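*Asks:* I need the structure of the sequence given here:
(chains A and B)
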2 protein chains.
Amino acid sequence: MNRIEELCKILKDDIYSKALTQSELRDIAKELNGLISGGAIVLAQVNPHSGNVKANALKAFEWIKRAQILNVDAVVFPEMYLIGYPIGDFIDRFPVIVEENIEWLNALAQCTDRVKVIIGFVEKNTEKTGKRYYNSVAVLSEGRVERVIRKSLLPNYAEFNDYRHFEPAEINSESRIVTLSGNKTAGIIVCEDGWNDSDFFETNLYEKDPVEVVVNEQSPDYLINCSSSITRAKKEQLKHNMLSFAAKKYKTPIVYVNQVGSGECLSFEGASRVYDENGELIARAKSYEEQFFIVNPLKKQGVIYPLPSGLEKTLTEQKAFSLDHEPDLERTYLTIVQSIRDYFGKSGFKRAVLGLSGGLDSTVCAVLLADALGAENVFGVSMPSKITSEASKNDAKELAGNLGINFTEIPIKDMFDTTRKVFDSVFSEVEKNWDCRFSESFTNDNIQARSRGMILWGIANEFQSCLPIATSDKSELYMGYATINGDMSGGYAPIADVCKTKLFALAKWMNKNRPEKNAIPQAVIEKKPGAELAINPKTNKPLLAEEALMPYEFLDEVIWRVENLQQSMGDMIDVMFKYEQAQLVTKEQKIQWLSKFFRRMSTSHYKWAIMPPSPIVDARSVNKAEYKHPTIASKINYNKTSFEEKLAELKNKESVLAK
Amino acid sequence: MNRIEELCKILKDDIYSKALTQSELRDIAKELNGLISGGAIVLAQVNPHSGNVKANALKAFEWIKRAQILNVDAVVFPEMYLIGYPIGDFIDRFPVIVEENIEWLNALAQCTDRVKVIIGFVEKNTEKTGKRYYNSVAVLSEGRVERVIRKSLLPNYAEFNDYRHFEPAEINSESRIVTLSGNKTAGIIVCEDGWNDSDFFETNLYEKDPVEVVVNEQSPDYLINCSSSITRAKKEQLKHNMLSFAAKKYKTPIVYVNQVGSGECLSFEGASRVYDENGELIARAKSYEEQFFIVNPLKKQGVIYPLPSGLEKTLTEQKAFSLDHEPDLERTYLTIVQSIRDYFGKSGFKRAVLGLSGGLDSTVCAVLLADALGAENVFGVSMPSKITSEASKNDAKELAGNLGINFTEIPIKDMFDTTRKVFDSVFSEVEKNWDCRFSESFTNDNIQARSRGMILWGIANEFQSCLPIATSDKSELYMGYATINGDMSGGYAPIADVCKTKLFALAKWMNKNRPEKNAIPQAVIEKKPGAELAINPKTNKPLLAEEALMPYEFLDEVIWRVENLQQSMGDMIDVMFKYEQAQLVTKEQKIQWLSKFFRRMSTSHYKWAIMPPSPIVDARSVNKAEYKHPTIASKINYNKTSFEEKLAELKNKESVLAK
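*Replies:* Residues are numbered from 1 along each chain as shown, chains lettered A, B, ... in the order given. Just a heads-up that it's a prediction; the model follows:
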């Protein structure tokens, strides 16, 4: 199959480069036609632009035209491709976008021949009852819309909001059948429709299983699942096992087409694939790349591209916390790089500016930005204060040099001094009327962080298409260990879903695996994290983050347990942490750390609310596309009390009433 | 009934003040018992705290104990009261909260006697299939949980996310019936369950109507709707007409119990009420106040408190844009004041600091803050730059004096000059490597706004329980006419859902209707808005907002048409705006303004994403609790193109391919 894939790549690249002449195109098509068996289809693994219906339609048109040259049976696009997923709420507020997507669908239909075009779009519900829209897939052929398949199972958890906009359709198995060459049939499944197997999952969200209904009632030769399904830690394991299980269970090959590219917080890894009737993987497209991917589901023809390195390992891994982040590092790297590239590209930005402190967070961000946007489009600014060490300044400079990004250094001493003078004068005025001035405050720490924010946003104001970057990481976000209008401020926050222990591992991985080895100075990876905003009076050195918080290895496991196991504080007291296996931790110390975690988290929610968008990376996150916590919910008891305590509270209340 | 209500108020106030002796309590109970007829119930119009289950349970207990003293038939709490609505996503991430709410429910049940307690809570779904929870109402009596009613219709539009967490229940009419004294029965309806009458609404979201099913199958003597339903412009009209319509249609009285208080972005106005079998209003509790409200639904006994002034007018008003904001001003004022008070109180803050520019936005915010938090808890800071006029400085000072809030003035000249010097040096370095420096930029404007933000956050860092306020208004938010880390930055944004023309009206209304008349200097209301951040080279005076944007009367109608009629640009070109009736506007000018609106809105989404929480006020909004727009969706065509144009685009593309 390699020559076929090679030619497909040339065809796809030409959509962008327009390098081939008409006769060269014809030659390729001719050669390809000679190589492909009957019954082949093209998986259009494409990157849509949310709401940019015209661009999506024109891109589809080019893909379709190439599929027509090959004269394959069908070309299959992802779920909701035409409107551009994710959609937020714009189809409700701006119905003109839906009108446009329907007209573009009809215009595309007019350009079809015998090659069936299977493509996701938003359909209007014309009935008096139900939501306004359907999440649908159209089959276009011979100049018309041949049929429309409506999604039945509408996910509404985590990053999904399908039920917010769409009416769930009755499962009409007949409507889902597309006839292909040689009278072969394919049954169409729309994403979540394929995620409700009661033998595979312990619990099920929905009563019916469209896969079961379609297979049992129609016995199609194979299934096609049109998806827009994001990447997350451990999700490849689930997806692979589930699709393989269903193919084997129903003795029916499954073609899975996924979108690629990132939409704000959501990242799609592509990796479209085919399983045969024994559940064996017979083809898999590349991850994180658009692909014109040709397969023959019934003849088991296709190429299997590798997953990001290490990811295969996670297919069989246990569901437990691990400090070994290695198997997930390339996926994490690729996800964030793609997110940055698409966030900038799709929002109309081109260049990024960030503060380089010489610390881990800004260092990792700089590498990711350089790889996503090109080093020439990244400006690193070192903004030392009097607490910044010479070593940090040197590390920042060395990093910039290694990456080839733009770099300048500007001390913030004058801004700090001037601001501090203004503050002294304001505070003495405020103090005349207000009590409760803190004896120790974060004021000076924050002047430094905010002066830096001011400089970065100033550069963004002065130079076109430039966006500042927020460098907060996930561990510190949970602790509220980030400054509003300081390191938390920016247009995008690349590592907000990456915990500190994983960031260290990622830094090492990038040093080893990027073409330019060891771009990150060894000192950055070796030193203990600290914001260099304040001096620890006990050590007389810059305060380390772990001194202010708790050991990161412990903290990251707490976060993991909250997100993945939904454990309460009480649950966690009773289990052995990885950190406890290596270090002696008293029960008092553990309870103190856990209390601190929940207390600090409770007062950090107002910071989460104003975090800039950031890519989802982990299995679960507090990314705003996935998780909302009312900031007023500040008095939650995360440690269960007993029923007896509750009764006692009521009794006590009653005796007060009966005073 | 007045004496009854008086005594109820004394009872309720005592829950907080604990001023009454046991014998005084008994006397009141005795007198009340003599006045109330059999069959009375208490509507517990309470203000819950999201996630603070213990506090909600203890408050319920006090309400219940008082209802028991009166020996009424039942005491009815709002939907989801025990867990505390709104819930965001915390019940999914922290199941311990649900455990706690169930245990507290059981503990409360143990304290009940013959007085039925009807109370909203979150129930676990123990089946293998479906979502994890039900949105349920429990009936507690005689020491046990008598029955549980599960909500069937789960709203998932605008601010609602019910279907995200809850399994919709089959409508079991028998389970919904509560037997009261004299063998009378009440049928329980949970909020949205009562909002699907196919005779009342032109279109319906759901197929079945629980009200119809319960009435037809069980013929209860009356219905009780436990709700948590927010206030919005024009919603009282809808709610009143709908409830009255259903009561009349089914010849069945309806008791509607609503929560009061605000939860972050959502505000509940209370105004619980009873309609008799002819659809006549026979009782209505106060708006924006907790109330121990006693009614007798079958004997038509109850007190009708007035709605916020003017609101009655909106019950019959047409659905059209109006620049006459008068009928909605008291409701708007009360909604925002309650929102601020509860946002601060429930998040653990007490004091607010804001910049006072002498302009309309900060002025209105200051008044609202003073009324919500007490003047002593508000600090206004005037931070003039060289562009700030003497008049603005004086207006700010005069306002603070009138309100009695704390006030100080600090020029930002030094901060501006120092920052500008640093910027000059940084920019010349950046320019060595980057092209596309703007010839005209907002850099200087923003230094001023951000220096102010820096001072306000500094005060919040230095003084306990203090939160800075973002003063952006709705008109300017749509235009992106707000500075990140400047006026957009704060812990709460009180007026982000109030358009500029309404803000002017609100300012006048407050001057007339607050106890202290004319607190807002007349000059603030009379002058044209402008940020005083830049000079208009044409006039050599500070640039006015309308010069930078478009007339506010026009802009506000565009926003209204987008939000309420979901019109595209093309739709709007074809209709006559209110502004056009008063002023001559050429078609070119109109198209230019509309284009500017959609263009600026398209590039403002990244600002919306990082806006602090703000109260929903209008019928529709871009509040983050209600509306999400992916910031990457920056290339939407808001002006429909024709089908022919689309075909031509494809033809053109094809000819490029066939080069």
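*Asks:* is any residue of stretch A:584-597 near chain B?
*Replies:* No: using CB under 8 Å from any CB of the partner chain, stretch A:584-597 never reaches chain B; the gap is at least 12.8 Å. Any C-beta I mention is one placed from the backbone N, CA and C, and that applies to glycine too.
*Asks:* residues making contact with that stretch?
*Replies:* Residues outside stretch A:584-597 that contact it (CB atoms under 8 Å, 6 or more residues apart in numbering or on different chains) are A:478-479, A:549-550, A:554-555, A:558, A:569, A:572-573, A:577, A:579-580.
*Asks:* which of those lies closest to chain B?
*Replies:* Within the contacts of stretch A:584-597, proximity to chain B (CB to the nearest CB) peaks at A:M569, which comes in at 8.1 Å.
*Asks:* show the contacting residues for the closest residue to that closest one other than its chain neighbours.
*Replies:* Distances taken as CB to CB, 6 or more residues apart in numbering or on different chains put A:N639 closest to A:M569, at 4.0 Å, once the chain neighbours are dropped. A:N639 is in contact with A:568-570, A:598, B:96, counting by CB under 8 Å, 6+ apart.
*Asks:* helix, strand, or coil at A:N639?
*Replies:* Put simply, A:N639 is coil when judged by DSSP: H, G, I helix; E, B strand; the rest coil.
*Asks:* and it, what's its pLDDT?
*Replies:* Reported pLDDT at A:N639 in the predicted model: 94.
*Asks:* what do you get for the one 10 residues further on?
*Replies:* The model reports A:E649 with a pLDDT of 95.
*Asks:* same deal with A:N33?
*Replies:* A:N33 is given a pLDDT of 82.
*Asks:* tell me which element it falls in.
*Replies:* Counting by DSSP states H and E, the element that carries A:N33 is helix A:22-35.
*Asks:* check A:D13 too.
*Replies:* Element membership for A:D13, per DSSP H and E: helix A:2-17.
*Asks:* which ones are touching A:E174?
*Replies:* A:217-218.
*Asks:* how much space separates the most centrally placed residue in chain A from chain B?
*Replies:* Nearest to the geometric centre of chain A sits A:I616, at 3.2 Å (CA atoms, centre = their mean). Using CB to the nearest CB, to the nearest Å, A:I616 is found at 13 Å from chain B.
*Asks:* leaving out the residues flanking it, which one is nearest to A:N402?
*Replies:* A:A519 (4.1 Å).
*Asks:* what do you get for A:D556?
*Replies:* Here the residue nearest A:D556, using CB to CB, 6+ apart, is A:C499, at 4.3 Å.
*Asks:* interface residues of the stretch 551-659 of chain A facing chain B?
*Replies:* By the rule CB under 8 Å from any CB, the part of the stretch 551-659 of chain A lying against chain B is A:562-563, A:566, A:568, A:570, A:603, A:606, A:609-613, A:620, A:624, A:627-641, A:643, A:646-647, A:649-650, A:653-654, A:656-659.
*Asks:* specify the local secondary structure of A:N225.
*Replies:* strand.
*Asks:* chain B versus that one, what's the distance?
*Replies:* 22 Å.
*Asks:* need the contact list for that residue.
*Replies:* A:189-191, A:193-194, A:243, A:254-257.
*Asks:* 6 Å - rerun?
*Replies:* Counting by CB atoms under 6 Å, 6 or more residues apart in numbering or on different chains, A:N225 touches A:189, A:194, A:256.
*Asks:* dig out what it forms beta bridges with.
*Replies:* Following DSSP bridges, A:N225 is listed with bridge partners A:I189, A:Y256.
*Asks:* for ChimeraX, what selects the buried ones among the residues of the stretch 551-659 of chain A next to chain B?
*Replies:* Buried subset of those, written as a ChimeraX selection, criterion 16 or more other CB atoms under 10 Å in any protein chain shown:
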select /A:562,563,568,606,609,610,611,612,613,620,624,627,628,629,630,631,632,633,634,635,636,637,638,639,640,641,646,647,649,650,653,657
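*Asks:* the residues of the stretch 551-659 of chain A next to chain B in helices, which ones?
*Replies:* Among those, the members falling in helices (DSSP state H) are A:570, A:606, A:609, A:643, A:646-647, A:649-650, A:653-654, A:656-657.
*Asks:* quick check, the residue in the stretch 201-350 of chain A closest to chain B?
*Replies:* Counting by CB to the nearest CB, the stretch 201-350 of chain A gets nearest to chain B through A:K346 (3.8 Å).
*Asks:* phi, psi for that residue please.
*Replies:* A:K346 adopts backbone torsions of phi -80, psi -20, taken as degrees, to the nearest 10.
*Asks:* for it, which non-adjacent residue is closest in space?
*Replies:* Closest to A:K346 by CB to CB, 6+ apart is B:I632, at 3.8 Å.
*Asks:* now A:V562
*Replies:* Of all residues beyond its chain neighbours, the one nearest A:V562 is B:R93 (7.0 Å), with distances taken as CB to CB, 6+ apart.
*Asks:* can you pull out the strands in the stretch 551-659 of chain A?
*Replies:* Taking DSSP state E, counting those that start in this stretch, the stretch 551-659 of chain A contains no strands at all.
*Asks:* poorly predicted segments of it, please.
*Replies:* A:657-659 (pLDDT under 70).
*Asks:* can you do 90?
*Replies:* A:653-659 (pLDDT under 90).
*Asks:* burial measure for A:P306, as a count.
*Replies:* By other CB atoms under 10 Å in any protein chain shown, 11 other residues sit near A:P306.
*Asks:* what do you get for the one 10 residues further on?
*Replies:* Other residues near A:T316 number 8, with proximity taken as other CB under 10 Å.
*Asks:* three-state assignment of the residue nearest to A:N402?
*Replies:* coil.
*Asks:* that one is in contact with A:L403, isn't it?
*Replies:* Yes: under the criterion of CB atoms under 6 Å, A:A519 makes contact with A:L403 at 5.4 Å.
*Asks:* neighbours around the residue nearest to A:A55 when sequence neighbours are not counted, how many?
*Replies:* Excluding the flanking residues, the one nearest A:A55 by CB to CB, 6+ apart is A:H49, at 5.3 Å. Neighbour count for A:H49, taken as other CB under 10 Å: 21.
*Asks:* make sure I have this right: A:H49 is in a strand.
*Replies:* No: applying three-state DSSP, one finds A:H49 to be coil, outside a strand.
*Asks:* could you give the mean pLDDT of stretch A:121-137?
*Replies:* The model assigns stretch A:121-137 a mean pLDDT of 97.
*Asks:* which residue is the nearest non-sequential neighbour of the residue of the stretch 101-250 of chain A found nearest chain B?
*Replies:* In the stretch 101-250 of chain A, the residue that lies nearest chain B is A:A107 (4.2 Å; CB to the nearest CB). Once flanking residues are discounted, A:A107 sits nearest to B:K646: 4.2 Å by CB to CB, 6+ apart.
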